[in-house]
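Chemist: Let's see this in three dimensions:
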Amino acid sequence: MRIHFIAIGGSAMHNLALALHDKGYDISGSDDVIYEPSKTRLEKQGLLPKDFGWYPEKLDQSINAVILGMHAKKDNPELLKAQELGLKIYSYPEFLYEQSKNKTRVVIGGSHGKTTITSMILHVLDYHGKKVDYMVGAQLEGFDRMVHLTEENDFIILEGDEYLSSPIDKRPKFHLYQPNIALLSGIAWDHMNVFPTFENYLSQFQIFVDGIIQGGSITYNEEDKWVVDVVEQTENTIRKFPYGTPAYQIIDGQTFLDTEEGPLPVEVFGQHNLSNLSGAKWICQQMGIDEDDFYQAISSFTGASKRLEKLGESETSVVFKDFAHSPSKVAATTKAVKEQFPDKKLVACLELHTYSSLNETFLSHYQGTLDAADVSAVFYSPKSVAIKKLAPLSAEQIRKAFQNEKLEVFTDPGEFEQYLYQQEVKNTVFLLMSSGNYGGLDLHSFQEHLGI
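Modeler: Below you'll find the model as predicted:
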């Protein structure tokens, strides 16, 4: 079977290309730019395009399917050629469904926590040698790549992203998977460039729950009001399994989970991550892993890549990097770190980097999100605001939105770096939250400054 990828270099797209190559498919692809690690991974398997750019002549009637990535535009020359030839064009999630329609599909959805929960489930299943297909958005320790497809495995685990499927398919990805077993972790308005109102955003999760296969199940966070509302309102004939934050304690910077066998030390921490763990346990039990086996495996789970990742620790300081950028994630992460290290000063830094976070009408959702920190700072690039064609922001606007007069606001990378290096190192935890890099901050140099 011949498959052509338009925009093969994307994080998800290149993983799918590699998975299908492993399965024996004939893969080709194009892109105008490909970054690491996608570039090296594709090159090792002979799938890296010879020249960057779009080449309509690559497409002909011998191609069985074209997979279209979000990086491409509606007027992409290769897309136009595929349409002209009448080739079958799939979005990424659409093709994943085609690959898994005869399997039991387990889909993890929610505004936050879905990558961590999916990673927890995969860690536990891998620990116990249970073979499954999967797709997850972040790199997981011990896994070469984050898409795996076979003919023989009964289950497939899918991270259910609510973002759009492709430039010509405006349905959220998780609407296409038709889960047999689903989880909903939380709902907090995000992607306002696509979902301009909260009501519109909320309705996408209602469609997700209503789309679960009849007789299937929804495992849901009973501590989230909007999740509960969506689950209660569905008329779908499915089983419903609520979960919440399990009992736990923190002793000398170590989190212990209360279990029937006694306190269990775990590597992850924070109420939101322990809630994620509880949801993962329910899903694993539905997949044949009993509670004791789940606890045995989860104690060694260190976290998904870029999710509250400990970069290093010395006798006096600790530094974490987290992908958090939405208000709910920022609040949960900041609170978790302060709770884990109550006797240390917490310096929390946030980069406003996404369309929503840089939108003046959305900023008020960040109110109080950094309050758990002892010292807090926000960095943003006016250039990013301009590129996204948004109204300019001022430092005062940001302080007012966060309701924090002590908040330091930076737009110059050098000034932000200087501020960071001037902080007291002794007995301090540094939390760097961003889906960007603060204008080029060298994290290795900062770790050396901290003596890590």
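Chemist: and the lengthiest helix in the chain, which residues are buried?
Modeler: Longest among the helix segments of the chain by residue count, using DSSP state H, is helix 271-286. Applying a neighbour-count criterion of 16 or more other CB atoms under 10 Å, the buried positions in helix 271-286 are 271-284, 286. Quick note: C-beta positions are derived from backbone N, CA and C, even for glycine.
Chemist: Any chance you could list what contacts whichever helix or strand comes after that helix?
Modeler: The element immediately downstream of helix 271-286 (helix or strand, assigned by DSSP states H and E) is helix 291-298. Helix 291-298 has contacts (CB atoms under 8 Å, 6 or more residues apart in numbering) with 120, 123-124, 127-128, 257, 259, 261, 264, 266, 277, 280-281, 284-285, 289.
Chemist: Out of those residues, which comes closest to Tyr438?
Modeler: The shortest approach to Tyr438 among the contacts of helix 291-298 belongs to Met120, at 28.8 Å (CB to CB).
Chemist: mind listing what that closest one touches?
Modeler: With contacts defined as CB under 8 Å, 6+ apart, Met120 is in contact with Asn276, Leu277, Ala280, Ile298, Phe301.
Chemist: ok, now which ones touch Glu339?
Modeler: For Glu339, the contact set (CB under 8 Å, 6+ apart) comprises Ile250, Phe269, Gly270, Gln271, Ala372.
Chemist: could you measure it against His325, distance?
Modeler: Distance of Glu339 to His325, computed by CB to CB, to the nearest Å: 21 Å.
Chemist: swap in Gln249?
Modeler: With distances taken as CB to CB, Gln249 is found 30 Å from His325.
Chemist: still on that earlier bit, tell me the helices and strands packed up against the longest helix of the chain.
Modeler: Applying 3 or more CB pairs under 8 Å, 6 or more residues apart in numbering; DSSP states H and E, one finds that helix 271-286 contacts strand 104-109, helix 114-127, strand 181-184, strand 217-221, strand 239-243, strand 254-259, helix 291-298, helix 327-340.
Chemist: between it and helix 327-340, how big is the angle?
Modeler: In this structure, helix 271-286 runs at an angle of 100 degrees to helix 327-340, with axes from the mean of the first three to the mean of the last three CA atoms, to 10 degrees as the basis.
Chemist: Listing partners with orientation, what would you give for the strand ranked longest in the chain?
Modeler: Secondary structure assigned by DSSP state E gives strand 345-352 as the longest strand of the chain. Here strand 345-352 has these sheet partners by DSSP bridges: strand 375-380 (parallel), strand 428-433 (parallel).
Chemist: sorry, back to before: I'd like to know which of the buried residues of helix 271-286 is nearest to Lys329.
Modeler: For the buried residues of helix 271-286, the minimum distance to Lys329 (CB to CB) is 8.1 Å, reached by His272.
Chemist: How many neighbouring residues does the residue lying closest to that closest one once chain neighbours are set aside have?
Modeler: Once its chain neighbours are removed from consideration, His272 has its nearest residue in Ala332; the separation is 4.0 Å (CB to CB, 6 or more residues apart in numbering). Counted by other CB atoms under 10 Å, the residues lying close to Ala332 total 25.
Chemist: re the thing from before, can I get the helices and strands packed on helix 271-286 in CSV with distance to Asp133 and mean pLDDT?
Modeler: Putting the helices and strands packed on helix 271-286 into CSV (distance: least, CB to CB, whole Å; pLDDT from 0 to 100) gives the following:
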stretch, distance to Asp133, mean pLDDT
strand 104-109, 9, 98
helix 114-127, 11, 94
strand 181-184, 14, 98
strand 217-221, 19, 98
strand 239-243, 23, 98
strand 254-259, 29, 94
helix 291-298, 19, 96
helix 327-340, 28, 93
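Chemist: Now tabulate those in JSON lines and tack on distance to Ser356.
Modeler: What follows is those, written out as JSON lines (distance: least, CB to CB, whole Å):
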{"stretch": "strand 104-109", "distance to Ser356": "19"}
{"stretch": "helix 114-127", "distance to Ser356": "17"}
{"stretch": "strand 181-184", "distance to Ser356": "20"}
{"stretch": "strand 217-221", "distance to Ser356": "22"}
{"stretch": "strand 239-243", "distance to Ser356": "28"}
{"stretch": "strand 254-259", "distance to Ser356": "31"}
{"stretch": "helix 291-298", "distance to Ser356": "32"}
{"stretch": "helix 327-340", "distance to Ser356": "9"}
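Chemist: For Arg41, which of those is the nearest?
Modeler: helix 114-127 (18.9 Å).
Chemist: Now do the buried residues in that closest one.
Modeler: Buried residues in helix 114-127, counted by 16+ other CB under 10 Å: 114-127.
Chemist: residues near Leu450, how many?
Modeler: For Leu450, the number of neighbouring residues by other CB under 10 Å comes to 20.
Chemist: Kindly report the same for Phe446.
Modeler: Applying other CB under 10 Å, I find that Phe446 has 18 neighbouring residues.
Chemist: Now it: closest residue in space that isn't a chain neighbour?
Modeler: Beyond its immediate neighbours in the sequence, the residue positioned closest to Phe446 (CB to CB, 6+ apart) is Leu420, lying 6.7 Å away.
Chemist: What is the neighbour count of the one you found?
Modeler: Neighbouring residues of Leu420 were enumerated by other CB under 10 Å; the total is 19.
Chemist: ok so it is a strand residue?
Modeler: No - with DSSP: H, G, I helix; E, B strand; the rest coil as the criterion, Leu420 is assigned helix and is not in a strand.
Chemist: mind listing what it touches?
Modeler: Contacts of Leu420 were listed using CB under 8 Å, 6+ apart, and they are Val347, Cys349, Ala377, Phe430, Leu441, Phe446.
Chemist: Quickly name whichever of those residues is closest to Ile207.
Modeler: Within those, the smallest distance to Ile207 is 36.5 Å, found for Cys349 (CB to CB).
Chemist: So which residue is smack in the middle of the protein?
Modeler: The residue lying closest to the centre of the chain (CA atoms, centre = their mean) is Thr115, at 4.6 Å.
Chemist: Check which helix or strand the residue lying closest to Glu309 once chain neighbours are set aside maps to.
Modeler: Leaving out its chain neighbours, the residue that sits closest to Glu309 by CB to CB, 6+ apart is Lys321, at 5.2 Å. For Lys321, the element it lies in under DSSP H and E is strand 317-322.
Chemist: Between strand 345-352 and that strand, find me the angle.
Modeler: The directions of strand 317-322 and strand 345-352 differ by 20 degrees, with the same axes, to 10 degrees as the criterion.
Chemist: Note down every partner strand of strand 317-322 and its orientation.
Modeler: According to DSSP bridges, strand 317-322 forms sheet pairs with strand 309-313 (antiparallel), strand 428-433 (parallel).
Chemist: Return the alpha-carbon coordinates of the first one using PDB.
Modeler: Presented in PDB, the C-alpha positions along strand 309-313 are these (Å, rounded to 0.1, in the frame of the first residue of the first chain):
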ATOM      1  CA  GLU A 309      10.100  17.600  34.200                       C
ATOM      2  CA  LYS A 310      12.900  17.900  36.900                       C
ATOM      3  CA  LEU A 311      15.900  19.200  35.100                       C
ATOM      4  CA  GLY A 312      18.100  18.900  38.100                       C
ATOM      5  CA  GLU A 313      18.500  19.200  41.900                       C
END
